[in-house]
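Have a look at this fold, sequence not included:
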């Protein structure tokens with residue numbers, strides 16, 4: 001008998017091939033895989049930010065290009081090169097900041113992976129806390145290991161990370177260290 005953890009990558013790969021219109025988030029039960037990412041893990045500040053009580057990181061609920069409005073992320077996340085992603089944090093901070101903070105930054109790979117809800121797919125993130133998260137990759141600040149022109153992305157369609165060229169485009173979610 002196959003154990004679920006051994007076939008999980010195959011299942012997520014097959015789910016990724018389905019049309020986006022047919023896909024909706026799928027989560028395993030606690031008996032199948034423990035839910036370590038419940039909404040209770042996050043403190044909602046009711047201003048478009050949440051703090052992860054496990055990591056003490058504060059996250060923007062919406063990706064760049066989206067706008068927090070009435071408890072949801074409106075619009076579509078913008079596709080940016082890695083240089084544009086780095087500049088996005090500087091732009092937010094140089095303006096009035098976001099939610100009264102001016103120390104937003106691009107998360108590193110480990111920080112971004114802390115949001116991956118391994119018990120869910122399409123997307124692999126708590127959708128209650130982070131609505132409208134694209135399954136496509138989100139940029140990290142971590143350089144790729146094998147190629148100096150690559151950077152790590154975390155893909156929330158299935159929760160894995162991979163490196164990509166800095167000139168490719170992807171989405172951005174900003175973070176700040178909690179106080």
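Here it is on my side, so go on. Just so it is clear, the structure is predicted and the values come from calculations on it, not from any experiment. Numbering: from 1, shown residues only.

pretty sure residue 162 is touching residue 153, no?
Yes - judged on C-beta atoms under 8 Å, residue 162 makes contact with residue 153 at a distance of 6.0 Å. Where you see a C-beta, it was placed from the backbone N, CA and C, and this is true even at glycine.

Return every residue with contacts to both of those two.
Taking C-beta atoms under 8 Å, 6 or more residues apart in numbering as the contact criterion, the common neighbours of residue 162 and residue 153 are residue 137.

If you count surrounding residues, which of those two has more?
residue 153 (24 against 11; other C-beta atoms under 10 Å).

May I have the residues that are in contact with that one?
Contacts of residue 153 (C-beta under 8 Å, 6+ apart): 137, 138, 139, 140, 161, 162, 163, 164, 170.

can I get these in CSV with distance to residue 28 and pLDDT?
Output for these, formatted as CSV (distance: C-beta to C-beta, whole Å; pLDDT from 0 to 100):
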residue, distance to residue 28, pLDDT
137, 23, 91
138, 22, 95
139, 28, 96
140, 26, 96
161, 20, 93
162, 23, 93
163, 28, 92
164, 28, 92
170, 27, 95
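
ok, the residues you listed vs residue 99, which is closest?
residue 138 (19.3 Å; C-beta to C-beta).

Quick check: that closest one vs residue 32, distance?
Residue 138 sits 26 Å away from residue 32, going by C-beta to C-beta, to the nearest Å.

same deal with residue 87?
Residue 87 is 42 Å from residue 32, by C-beta to C-beta.
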